[in-house]
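Undergrad: coords below, sequence missing:
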């Protein structure tokens, strides 16, 4: 399978973590977001939305949306599981993943920030927008994650929640979003020692600049 | 169980559709978003993120994030299924749900539009922002949905994709987002005849204005 991604795309990064956790071999094809590679006709044929990541299966099937790809991988490679077995804990893990993937990341991504610039906002205002959105979201994450045990978001093994949280923290650093997040910091420190998280890091990708 | 929602909240509306499809009885508690009910301490104890919906189970457990709630309901009430049985079609259904729930809705919701107003944009600019985001997203949805058969998003029965698409169309109308979307229009016309979609409509809720 081929992962169409970009080293700094946090949605691609989530999928890299999941592939690593599952121990699945994959090829990578880099699409440079700032050069607009994702709007070329060949890429739009794969994903009409023009967004990364796309997981292209061996038969040519193109899967889009990082959380849908993650759950697909969990279904075809059940071990180690990305989600707990029981419905309530599963819902809690998915809720953290979605808090970040719905309510933080899309509001501070490239296309929204580009729109703000087109509307006349300077770089300081654009950075403040991103930092505010990230800080509000991570404040809520921290409160919710304090209810569960570590060292990962939900207990002794990484789940989908960790795979979505860690890449978002890179964007927090990039935009200078800071808060009182000891639980998140402890999770991040623990993930940083896990081979799948190390291999998925933006800086470790072939297209990293 | 109690669904904490708001008649016009499209995320609450998705869960109402799913509860209706599953035939699950529930109580509703309305929180008026424009009055800030979702930022009161009692609500923040339920959901530190201060967003709707919350599904409060009989033992007091609070579930957040509409797609996580929908999958929870699908797991505890498997019939009729919200997702196909095979991993690839499941990923396609989830991808449409996430295209809307991640890449359209959060960027045009109340808190983001309020932020734009605080940054000095007038109502015309705020509406244009929302309409542009919705139109871009539904353009991609239309292209993807043309690859699958009707009458619903994915075949002869409603799935999670329909439960997320239909409420978003109300926001498209509200903000004047228009496009060449015959496949989406046909899906909407079909859903409008289904009792679960009729009962979940914003206008049919006790708190509708």
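TA: Everything's here; your move. Worth saying up front: this structure is predicted, and the values here are computed from it rather than measured. Numbering: from 1, shown residues only, chains lettered A, B, ... in the order given.

Undergrad: separation between the residue of chain A most remote from its centre and residue B:119?
TA: Taking Cα atoms, centre = their mean, the residue of chain A most remote from its mean C-alpha position is residue A:120, at 28.7 Å. Distance of residue A:120 to residue B:119, computed by Cβ to Cβ, to the nearest Å: 10 Å. Where C-beta positions appear, they are placed from N, C-alpha and C, glycine not excepted.

Undergrad: what does residue A:2 give?
TA: Using Cβ to Cβ, residue A:2 is found at 40 Å from residue B:119.

Undergrad: ok, the lowest-mean-pLDDT helix or strand in chain A near chain B or not?
TA: Sorting the helices and strands of chain A by mean pLDDT, DSSP states H and E puts helix A:41-46 at the bottom, at a mean of 93. No: counting by Cβ under 8 Å from any Cβ of the partner chain, chain B has no neighbours in helix A:41-46; the shortest distance is 8.5 Å.

Undergrad: try stretch A:184-203
TA: No: using Cβ under 8 Å from any Cβ, stretch A:184-203 stays clear of chain B, coming no nearer than 13.4 Å.

Undergrad: when you scan stretch A:1-15, is anything in it near chain B?
TA: No: Stretch A:1-15 is not in contact with chain B by Cβ under 8 Å from any Cβ; minimum separation 8.9 Å.

Undergrad: Compute the first-to-last residue distance for that stretch.
TA: For stretch A:1-15, the first and last residues are 12 Å from each other (Cα to Cα, to the nearest Å).

Undergrad: My guess is residue A:9 contacts residue A:53. True?
TA: Yes: counting by Cβ atoms under 8 Å, residue A:9 touches residue A:53, with 6.7 Å between them.

Undergrad: Can you pull the residues that touch both of the two?
TA: When contacts are counted by Cβ atoms under 8 Å, 6 or more residues apart in numbering or on different chains, residue A:9 and residue A:53 have no shared neighbour.

Undergrad: how close does residue A:27 sit to residue A:3?
TA: 7 Å.

Undergrad: looking at this, the residue farthest from the centre of chain A is in a strand?
TA: No: looking at residue A:120 with DSSP: H, G, I helix; E, B strand; the rest coil, it is coil, so not inside a strand.

Undergrad: So for stretch A:199-207, what gets flagged as buried?
TA: Residues of stretch A:199-207 classed as buried: A:200-202, A:205 (neighbour count, 16 or more other Cβ atoms under 10 Å in any protein chain shown).

Undergrad: scratch that, stretch A:138-152 is what I was asking about
TA: Those would be A:138-142, A:144-145, A:148, A:151-152, for stretch A:138-152 by 16+ other Cβ under 10 Å.

Undergrad: Contact partners for residue A:157?
TA: residue A:80.

Undergrad: Work out for me the element it sits within.
TA: Of the helices and strands defined by DSSP states H and E, none includes residue A:157.

Undergrad: what does residue A:196 give?
TA: helix A:195-200.

Undergrad: do residue A:186 as well
TA: For residue A:186, the host element (DSSP H and E) is helix A:182-191.

Undergrad: go on, residue A:55?
TA: Using DSSP H and E, the element containing residue A:55 is strand A:54-56.

Undergrad: The residue nearest to residue A:184 when sequence neighbours are not counted: what's it in contact with?
TA: Distances taken as Cβ to Cβ, 6 or more residues apart in numbering or on different chains put residue A:142 closest to residue A:184, at 5.4 Å, once the chain neighbours are dropped. The contact partners of residue A:142, taken as Cβ under 8 Å, 6+ apart, are A:179-184.

Undergrad: Pull out the buried residues from the residues you listed.
TA: Buried among those (16+ other Cβ under 10 Å): A:181, A:183-184.

Undergrad: From the neighbour counts alone, determine which of residue A:27 and residue A:3 ranks first.
TA: residue A:3 (20 against 9; other Cβ atoms under 10 Å in any protein chain shown).

Undergrad: Quick check: which helices or strands does the helix or strand that one falls within pack against?
TA: Secondary-structure element containing residue A:3, defined by DSSP H and E: strand A:2-5. Where contact means 3 or more Cβ pairs under 8 Å, 6 or more residues apart in numbering or on different chains; DSSP states H and E, strand A:2-5 is packed against helix A:10-22, strand A:27-30, strand A:54-56.

Undergrad: Pull the residues that contact that strand.
TA: The contact list for strand A:2-5 (Cβ under 8 Å, 6+ apart) reads A:12-13, A:15-16, A:19, A:26-31, A:43, A:46-47, A:52-56, A:205.

Undergrad: Of those residues, just the buried ones, ChimeraX syntax please.
TA: Buried residues within the contacts of strand A:2-5, by 16+ other Cβ under 10 Å, are selected in ChimeraX with:
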select /A:12,13,15,16,19,26,28,29,30,31,43,46,47,52,53,54,55,56,205
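
Undergrad: Check what pLDDT residue A:209 gets.
TA: For residue A:209, the model assigns a pLDDT of 87.

Undergrad: Can you verify my assumption that it contacts residue A:32?
TA: No: between residue A:209 and residue A:32 there is no contact, the gap being 9.3 Å when judged by Cβ under 8 Å.

Undergrad: who has more neighbours, the two?
TA: Between residue A:209 and residue A:32, residue A:32 has the larger neighbour count (other Cβ under 10 Å), namely 13 against 9.

Undergrad: I figured that one was touching residue A:9, is that so?
TA: No: if you go by Cβ under 8 Å, residue A:32 and residue A:9 don't touch, sitting 10.3 Å apart.
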